[in-house]
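Asks: any chance you can model this:
(chains A and B)
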There are 2 protein chains.
Amino acid sequence: RFLWCFFFYIPDVNSFAARTNTCGELRAAHIGQEVTLCGWIQYQRQGLFLVLRDFQGLTQIIIPQDEAHSHVRKLLSNAPVESVVRVTGIVSSRPPGQENLKMPTGDIEVKVETAEVLNFCKKLPFEIKDFIKKSEALRMQYRYLDLRSSQLQHNLRLRSQVVMRMREYLCNHHGFVDVETPTLFKRTPGGAKEFLVPSREVGKFYSLPQSPQQFKQLLMIGGLDRYFQVARCYRDEGSRPDRQPEFTQIDIEMSFVDQAGIQRLIEGLLQYSWPEERGPITTPFPSMTYEEALADYGTDKPDTRFGMKIMDISDTLRRLDIGFVQNVLSYPHSTAKAICIPRGVRYLKNKDLESLKAAAKSQFNQCSALGSLRLESADLLEAAGMVLRDPAALHFLWVVDFPLFLPKEENPSELESAHHPFTAPHPSDTNLLYSDPTKVRSQHYDLVLNGSEIGGGSIRIHNAEQQRFVLEKVLKEDSEVLSHLLEALEFGAPPHGGIALGLDRLISLIVGSPSIRDVIAFPKSFRGRDLMGNAPDYVTPEELEPYHIHVSWPAAETEAKKN
Amino acid sequence: RFLWCFFFYIPDVNSFAARTNTCGELRAAHIGQEVTLCGWIQYQRQGLFLVLRDFQGLTQIIIPQDEAHSHVRKLLSNAPVESVVRVTGIVSSRPPGQENLKMPTGDIEVKVETAEVLNFCKKLPFEIKDFIKKSEALRMQYRYLDLRSSQLQHNLRLRSQVVMRMREYLCNHHGFVDVETPTLFKRTPGGAKEFLVPSREVGKFYSLPQSPQQFKQLLMIGGLDRYFQVARCYRDEGSRPDRQPEFTQIDIEMSFVDQAGIQRLIEGLLQYSWPEERGPITTPFPSMTYEEALADYGTDKPDTRFGMKIMDISDTLRRLDIGFVQNVLSYPHSTAKAICIPRGVRYLKNKDLESLKAAAKSQFNQCSALGSLRLESADLLEAAGMVLRDPAALHFLWVVDFPLFLPKEENPSELESAHHPFTAPHPSDTNLLYSDPTKVRSQHYDLVLNGSEIGGGSIRIHNAEQQRFVLEKVLKEDSEVLSHLLEALEFGAPPHGGIALGLDRLISLIVGSPSIRDVIAFPKSFRGRDLMGNAPDYVTPEELEPYHIHVSWPAAETEAKKN
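Replies: Sure thing, here's the model as predicted:
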């Protein structure tokens, strides 16, 4: 029933199109053939030749100089850079000595017979090739020009291929079902970061979910067994650097699985879809407990490409006869910790040490302080020329055994979920749930790559009573809003678990880009604006009418307060 | 660079899971093996045996009756129907004469050794197998139970497979790039059906687009060459039967292509992804002009599975000596048209004719009247037992040469786009654009299957001047809101075109379901409500505060009017 027949295949990128070849594929073997190319004029010189560009590469086009072709010559000489042309001509070998070894098509040139300018380009706001140096805002405003750069072309194509390979692995190799879940839903408890969508019913709003969490659990209860989706998710955090209001996750859930099962699945998924250009990856990935990660690296997403672990030097210091140190260390829970910076004396200048000292002071008493000092030290060492983190290295790491609950920041006597209220407790700690919930470890797992969190998931609670206890007794939340899920758990919910991978971040790490904006076709600015189309934008009061809402303009608010 | 290595592959649906087999795969060849199955109790009889179900099928499980297994027997006898269990046992042949030929696993049964109830099910609101007879509202409220039905399992799995095959065709075979475009954008002109999303900037709103139209054109201008996306789209039409506020389209755009190129691409796409169970499809699809479709079938989406074409009988009638008929036919543009209903005398009763007459009267003077009378006649004939439309037949049809503009319904002296303002005029009619725009045919094409529109697209305008003329001079629209697109056309836009297929409708036609709700995991009701999770829902005024909006409650409106 599920037989798949495949064979070695090279995509035909010229099918259905008005060209015979792309600008990247002609080689010496094509010499003598008549070809038709379409592309953009990258460069043109004195009516003698031009360089034509498309998504696949560059080809040198020779403009005929004889009288019979004077029309072609005039046309091509007058077309501005970035105009779109179609040329037909004969592939010829370049004259001896004029081959360009750096160009894949550098052995050949195309002698034009006929040409057509399909569209003229007006003066550009910048040169495409120099574009990278332009301001981020200008690049975003003319995003369609930025997309012509080889970097963005490469990033978007690689993203498409990686996702396709992931789908093959999940769907064709392991029987996962690609199911689309709604994005118009309703607020989840604590969903303060969810965008609202007014409906035509007075006072009622849809909400754009932060993830398909509820739906994927309901699919398991519905017997789907293995679900995945490349899911669009939404999060309204206001202005945040390198965050996007909409983002994409590889969303996975399966029934009758444990933590190790999900981990092996994901290792296989990444291994299968990993692009060749970044080299092979080794599985299984190493694993570290949350406790170990905090103790050794001061963070739950350790960058294990380099050492400089945090060391407890309390005992050493206690043995020294320094009054104030011994005094401080006599308090309960007092510890002294250190990071040993290899060859720090050689690489770090006084101003570097001052900067580290200032950073330490500003994070005084934060448990994550040493973790960020470790990273800052690494940055300073690398700025000074030390090679610490190999950019080609791939350090995957599972972080496990997270606490199930954490004290609320604003009121530490109350508890909140460390991740979300559907996370199952660690099998060894289930009894503690009812006696001392603060001590319960969870079945949550994070996947970390080179110090960035690229995924997280958990085995979920599948027992209605346990889920109700967590919501009502531990988290003291109103479970009414989740009544449909609680009821569903009572109707034969299978044990299940899953994970979500952050696709934007994963791809940006693969292509080595510092920002996720470089792997998204039309990203928003850090203020959540689309600078090209100018979104969000004002709407008329008439357009709001069907939704029974109106805008609280500041002036109106002042008025209201006066009355 | 693009080598794909595949082989015959059967997905491993048991990988990473706590079972050795599914409930659908055991055969005589497995006899003697120890297996572990997980599933739902479909049926249990007197502590003797039970039928276990999962997504792949049913397996008969024999409960041991000996003393050593009394615990297992008690456990399985007491577990209610739809409880989730895991059993381990030996595959055995059924006693002679007890084989069930209707069941794929009917040769075997599994003799339980150990068993575990993973979750108990409380009393169901209905039996799963009888569910189809329950009300739509009840099915929607307990959607996760409805999903356990073999029909919905089949529909969702088939949908996933068809989409996967489409991706293989586009991505692996023809080099299309899967690009995600934003869903938080801004209102398009005339976008009255677009949902609004309030932003944190006072008075500014995002809009959920009805399609990625602008973005896919900008991707072509950005040199992506071939784009596709399985795109989530949004349309707020209030209450409409069998429409969904969010829906999915296979969205495609390519550069340097003409109408025939897109048509061949789509024919190949459907042929490649068409599920075996619906038999092969023949290409190329026949084509019909908009004018022919209206004349012969009274609609632009003709169901060509049966004849009963509309005939012009004006000349015949003119020849008859009937005063009032000749009088009516003497007016300019007067015609008399007829549908010949084969064996209508035999199949249609008086009340059928009355109903057709009433329908005709209610649509008096509408040009589509004869088209719907033709369909209604077909319904009546089939209700009376005539076989008119073969449910297995697949009549694909391209409808082409649509008019570019149509008179506005509310003001026929003004023009609006027949489809959208980016559609290119027919090459032969380009000059008419400037002299008589009402006469211009477009390069729009619709794909019709068995009388349902399953797709539509066009070659786009790639010339900025022509686009500006259409927007400003013909449509008299404010082009400011599209200034980014107009500007982009000036910077070297390639000729391009595309299409969008309505995935929900296509899949519902493939599985033969009357409603698209049967091919969507979590559909909304026709009022746009999620009856399971109760969306949309009320939110607190505090939750609206960051978005600077408040609700216009009817009472408040009354108050406002008073003051």
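Asks: ranges for the helices of the stretch 351-500 of chain A?
Replies: A:369-383, A:432-435, A:464-468, A:483-490 (DSSP state H, counting those that start in this stretch).
Asks: can I get the ones you listed in a markdown table with distance to chain B?
Replies: The C-beta positions use only the backbone N, C-alpha and C, and glycine is treated the same way. Shown next, in a markdown table, are the helices of the stretch 351-500 of chain A (distance: least, C-beta to the nearest C-beta, whole Å):
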| stretch | distance to chain B |
| --- | --- |
| helix A:369-383 | 28 |
| helix A:432-435 | 18 |
| helix A:464-468 | 9 |
| helix A:483-490 | 5 |
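Asks: in a markdown table, list those along with mean neighbour count and mean pLDDT.
Replies: A markdown table is the format used below for the helices of the stretch 351-500 of chain A (neighbours: other C-beta atoms under 10 Å in any protein chain shown; pLDDT from 0 to 100):
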| stretch | mean neighbour count | mean pLDDT |
| --- | --- | --- |
| helix A:369-383 | 19 | 94 |
| helix A:432-435 | 14 | 96 |
| helix A:464-468 | 17 | 96 |
| helix A:483-490 | 19 | 95 |
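Asks: now for these, which one comes closest to B:L486?
Replies: For the helices of the stretch 351-500 of chain A, the distance to B:L486 is smallest for helix A:369-383, at 44.8 Å, taking C-beta to C-beta.
Asks: state the distance from the residue nearest to A:D429 when sequence neighbours are not counted to A:W398.
Replies: Nearest residue to A:D429, sequence neighbours excluded (C-beta to C-beta, 6 or more residues apart in numbering or on different chains): A:V440, at 4.5 Å. According to C-beta to C-beta, to the nearest Å, A:V440 and A:W398 sit 19 Å apart.
Asks: look at these two and report which has more neighbours.
Replies: Neighbours were counted for A:V440 and for A:W398 using other C-beta atoms under 10 Å in any protein chain shown; A:V440 has more, 22 against 19.
Asks: contacting residues around that one?
Replies: A:P403, A:L404, A:F405, A:P425, A:H426, A:D429, A:T430, A:L432, A:L433 (C-beta atoms under 8 Å, 6 or more residues apart in numbering or on different chains).
Asks: then A:Q46?
Replies: Going by C-beta under 8 Å, 6+ apart, A:Q46 touches A:S77.
Asks: now A:N534: closest residue in space that isn't a chain neighbour?
Replies: Nearest non-adjacent residue to A:N534 (C-beta to C-beta, 6+ apart): B:K186, at 6.5 Å.
Asks: and the longest helix for chain A?
Replies: For chain A, the helix with the greatest residue count under DSSP state H is helix A:150-167.
Asks: give me the contacts around that one.
Replies: With C-beta under 8 Å, 6+ apart, helix A:150-167 has contacts from A:55, A:132, A:146-147, A:178, A:230, A:250, A:269, A:272-275, A:503, A:507, A:510-511, A:513, A:518-519, A:521, B:164, B:167, B:171-172, B:177-179, B:222-224.
Asks: which members of the residues you listed are classed as buried?
Replies: A:55, A:146-147, A:178, A:230, A:250, A:269, A:273-274, A:503, A:507, A:510-511, A:518-519, A:521, B:164, B:167, B:171-172, B:177-179, B:222-224 (16 or more other C-beta atoms under 10 Å in any protein chain shown).
Asks: of the contacts of helix A:150-167, which belong to helices?
Replies: A:D146, A:L269, A:Y272, A:S273, A:L503, A:I507, A:I510, A:V511, B:M164, B:R167.
Asks: per-residue confidence at the first one?
Replies: Okay, so that is A:D146. pLDDT for A:D146: 93.
Asks: quick one, what contacts it?
Replies: A:F131, A:R139, A:M140, A:L152, B:G222.
Asks: same question for the third one.
Replies: The contact partners of A:Y272, taken as C-beta under 8 Å, 6+ apart, are A:R165, A:M166, A:E168, A:Y169, A:H173.
Asks: measure it to A:R165 for me?
Replies: According to C-beta to C-beta, A:Y272 and A:R165 sit 6 Å apart.
Asks: got it, and the fourth one?
Replies: The span separating A:S273 from A:R165 equals 4 Å under the rule C-beta to C-beta.
Asks: now the contacts of A:Y272 as CSV including neighbour count?
Replies: Converted to CSV, these look like this (neighbours: other C-beta atoms under 10 Å in any protein chain shown):
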residue, neighbour count
A:R165, 19
A:M166, 21
A:E168, 23
A:Y169, 19
A:H173, 18
